[in-house]
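K.L.:
my questions concern the predicted model and sequence given below.
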Amino acid sequence: MAQNEILTMKGITKTFPGVKALSNVDFKLCKGDIHALMGENGAGKSTLIKVLTGIYPFDAGEITMDGRPMVNRSPQDAQNNGISTVYQEVNLCPNLTVAENLFIGREPRKLGMINWSEMNARSRKLLQSLDIEVTPTTLLDECSIAIQQMIAIARAVDMECKVLILDEPTSSLDEDEVEKLFVLMKKLKAKGVGIIFVTHFLEQVYEVCDKITVLRNGELVGEYDVENLPRVQLVAKMMGKDFDDLADIKSERIGSVKEGESVIEAKGISHHGTIKPFDMIFNKGEVVGLTGLLGSGRSEMVRSIYGADKADSGEIRVFGKKVKINTPLDAMKAGMAYLPEDRKKDGILADLSVRENIIIALQAKRGMFHPMKRKEMEDAATNFINLLQIKTASMETPIKSLSGGNQQKVILGRWLLTNPRFLILDEPTRGIDIGTKTEIQKLVLRLADEGKSIAFISSEVEEMLRTCSRMAVLRDGKKVGEIEGDDLTQEKIMETIAGGEKSNE
């Protein structure tokens, strides 16, 4: 073992029924290195992390920590051995306070009882040191996804780990929060902590990482120094083939977008405390982007249209006809579909199969007195597994066993099965690999070409520019402008968000 290697994994193999998730994979982490673990969805990144942290047993191979053999049989074993993990989707307790989540399982005690004042004081000090603006006694469920993510990171940091695993930690963070995280990562690096950083943001890898390990189809492609691996080569190694610039996606469609028939018209819609009254039109065959900083009201706008948050004012018209949208079921019956931002909380039904997750929205739309026949369910599931290239052992596999990107494809299939006229996609590519991201972007444009109206939300402005023909800009819960045509540039969007353009409502 090299003198500064803190962790080595050799010949790791892991098989699930019908799927070889890892095949003879090697990985090593050095003290004070930020090491990116990269690959497409299904490449084996999450499985490798779960093997390391004791969630999954492995079939073959060996793991050493500081030169000593190590087998973690549970996440608690991993923590005891100095390995802390923050997963892509926050895995905390929403019904507990921030402080309780920070110290769960290791609460300070006095006379055998939890010392609440000490726990809250230590939490406050920890949160302040990381510039996280939340009080320790706040219920986690009342915090935004971004704050929840930062709390999960704070918990891991406070455990004084030797190895910190960050699995897509920046997916829910805005630019300022990402920078705060990077500052923290560099501080930990300077102290000798080894960091395994799983991300799909290439620019983040090249900003903070020292090394990159690439996996593909459960096998090791190689380990590389960041400075010696150009981005184009990294993408090619992840994909296993040459990969055209994503910017080419939009070039196929430039000039083909024409103003079509109004599908959804929202007038004066608002929801108390989240979104101020706004007007918005979504036309047939058009991809309309909603952009703004984290907390600007993008998700709140579509939730109020869809009835996930019942609007306090205004009206919705579908193809010119006024409709009442009090619940999501009303929206579904009006031809709407909604892929939510948080797929774990609002999207997947974890214990149900891929087939059941695909058909459930259509069944709800039809009602309990019109049950789908088994063959109809199986045909629908088979169709979308093939159409969206969902990687699963079978349609009966529990969706929780799939990678994040494949879960996202299942939810897309669920809504496409209902044949919606208006499709809301809230962060459809967040936390998934470049290849799947490109597939989804192309699918979005194809659906628009088929006449569907689409609302598209993404934290990546470049992705929005590739897919959207028009964009609404939001700030502080208010729509502050719309941009289209030659004005649809990143500079113009930033200027509008910053208040450099008057609202054209």
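P.N.:
Perfect, I can see it now. Residues are numbered from 1 along each chain as shown.
K.L.:
just give the closest residue to Glu118, not the sequence neighbours.
P.N.:
In space, and not counting its chain neighbours, Glu118 is closest to Pro108: 4.5 Å by C-beta to C-beta, 6 or more residues apart in numbering. C-beta here means a position set from N, CA and C on the backbone, and glycine is covered the same way.
K.L.:
need the contact list for the one you found.
P.N.:
Pro108 is in contact with Ile114, Asn115, Glu118, Met119, Arg122, counting by C-beta atoms under 8 Å, 6 or more residues apart in numbering.
K.L.:
from these, pick the one nearest Arg421.
P.N.:
Met119 (51.3 Å; C-beta to C-beta).
K.L.:
and the contacts of Pro108, which are buried?
P.N.:
By neighbour count, with 16 or more other C-beta atoms under 10 Å, these hold Met119, Arg122 as buried.
K.L.:
out of the contacts of Pro108, which are inside strands?
P.N.:
Among the contacts of Pro108, the members found in strands (DSSP state E) are Ile114.
K.L.:
now compare the contacts of Pro108 and name the two farthest from each other.
P.N.:
Counting by C-beta to C-beta, the most remote pair of the contacts of Pro108 is Ile114 and Arg122, 12.2 Å apart.
K.L.:
could I get the contacts of Pro108 as a markdown table with distance to Arg216?
P.N.:
Below are these laid out as a markdown table (distance: C-beta to C-beta, whole Å):
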| residue | distance to Arg216 |
| --- | --- |
| Ile114 | 47 |
| Asn115 | 49 |
| Glu118 | 48 |
| Met119 | 44 |
| Arg122 | 43 |
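K.L.:
worst-scoring helix or strand of this protein, pLDDT-wise?
P.N.:
helix 248-251 (a mean of 48; mean pLDDT, DSSP states H and E).
K.L.:
residues of the helix or strand just after it that come out buried?
P.N.:
Next helix or strand after helix 248-251 toward the C-terminus (DSSP states H and E): strand 262-271. Buried residues in strand 262-271, counting neighbours by 16+ other C-beta under 10 Å, are found at Ser262, Val263, Ile264, Glu265, Ala266, Ile269, Ser270, His271.
K.L.:
isn't the fifth one up against Val318?
P.N.:
In this case it means Ala266. No - under the criterion of C-beta atoms under 8 Å, Ala266 makes no contact with Val318, lying 10.4 Å away.
K.L.:
low-confidence stretches in the stretch 51-200 of the chain?
P.N.:
Across the stretch 51-200 of the chain, residues meeting the criterion (pLDDT under 70) sit at 88, 171-172.
K.L.:
all helices of it, in order?
P.N.:
For the stretch 51-200 of the chain, applying DSSP state H, counting those that start in this stretch gives helices covering 75-80, 98-103, 116-129, 145-158, 175-190.
K.L.:
in contact with Val163, which residues?
P.N.:
Neighbouring residues of Val163 by C-beta under 8 Å, 6+ apart: Ile6, Leu7, Leu29, Met65, Gly82, Ile83, Ser84, Val193, Gly194, Ile195, Ile196.
K.L.:
now Ala43: closest residue in space that isn't a chain neighbour?
P.N.:
Among residues not flanking Ala43 along the chain, Leu215 sits closest, at 4.2 Å (C-beta to C-beta, 6+ apart).
K.L.:
give me the element that neighbour is part of.
P.N.:
Per DSSP H and E, the secondary structure element for Leu215 is strand 211-216.
K.L.:
give me the pLDDT value at the nearest residue to Val263 once chain neighbours are set aside.
P.N.:
Spatial nearest neighbour of Val263, excluding adjacent residues (C-beta to C-beta, 6+ apart): Ser453 at 3.9 Å. Note for Ser453: predicted pLDDT of 94.
K.L.:
Ser453 touches Asn283, doesn't it?
P.N.:
Yes - applying C-beta under 8 Å, one finds Ser453 in contact with Asn283, separated by 6.1 Å.
K.L.:
who has more neighbours, those two?
P.N.:
Legend: neighbour count by other C-beta atoms under 10 Å for Ser453 and Asn283, higher for Ser453 (26 against 20).
K.L.:
check the gap between the residue of the chain most remote from its centre and Phe103 for me.
P.N.:
Most distant from the centre of the chain: Leu111, at 42.7 Å, with distances by C-alpha atoms, centre = their mean. Using C-beta to C-beta, to the nearest Å, one obtains 17 Å as the distance from Leu111 to Phe103.
K.L.:
now do Ser117
P.N.:
Counting by C-beta to C-beta, the gap from Ser117 to Phe103 is 13 Å.
K.L.:
okay, the two: which has more neighbours?
P.N.:
More neighbours surround Phe103 than the other of Ser117 and Phe103, with 21 against 10 (other C-beta under 10 Å).
K.L.:
tell me the contacts of that one?
P.N.:
Met119, Arg122, Ser123, Arg155.
K.L.:
would you format those residues as CSV with distance to Glu491 included?
P.N.:
Compiled in CSV, the contacts of Phe103 are given as follows (distance: C-beta to C-beta, whole Å):
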residue, distance to Glu491
Met119, 47
Arg122, 44
Ser123, 41
Arg155, 39
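K.L.:
tell me which of the residues you listed is nearest to Ile424?
P.N.:
Looking across the contacts of Phe103 and measuring by C-beta to C-beta, the closest to Ile424 is Arg155, at 32.6 Å.
K.L.:
show me what contacts the nearest residue to the closest one once chain neighbours are set aside?
P.N.:
The spatially closest residue to Arg155, leaving aside those adjacent along the chain, is Leu102, at 5.0 Å (C-beta to C-beta, 6+ apart). The contact partners of Leu102, by C-beta under 8 Å, 6+ apart, come to Met119, Arg122, Ser123, Leu126, Pro136, Ile151, Ala154, Arg155, Asp158.
K.L.:
same list (these) but as a markdown table, adding distance to Ala380.
P.N.:
Formatted as a markdown table, the contacts of Leu102 follow (distance: C-beta to C-beta, whole Å):
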| residue | distance to Ala380 |
| --- | --- |
| Met119 | 50 |
| Arg122 | 52 |
| Ser123 | 48 |
| Leu126 | 48 |
| Pro136 | 47 |
| Ile151 | 39 |
| Ala154 | 43 |
| Arg155 | 41 |
| Asp158 | 47 |
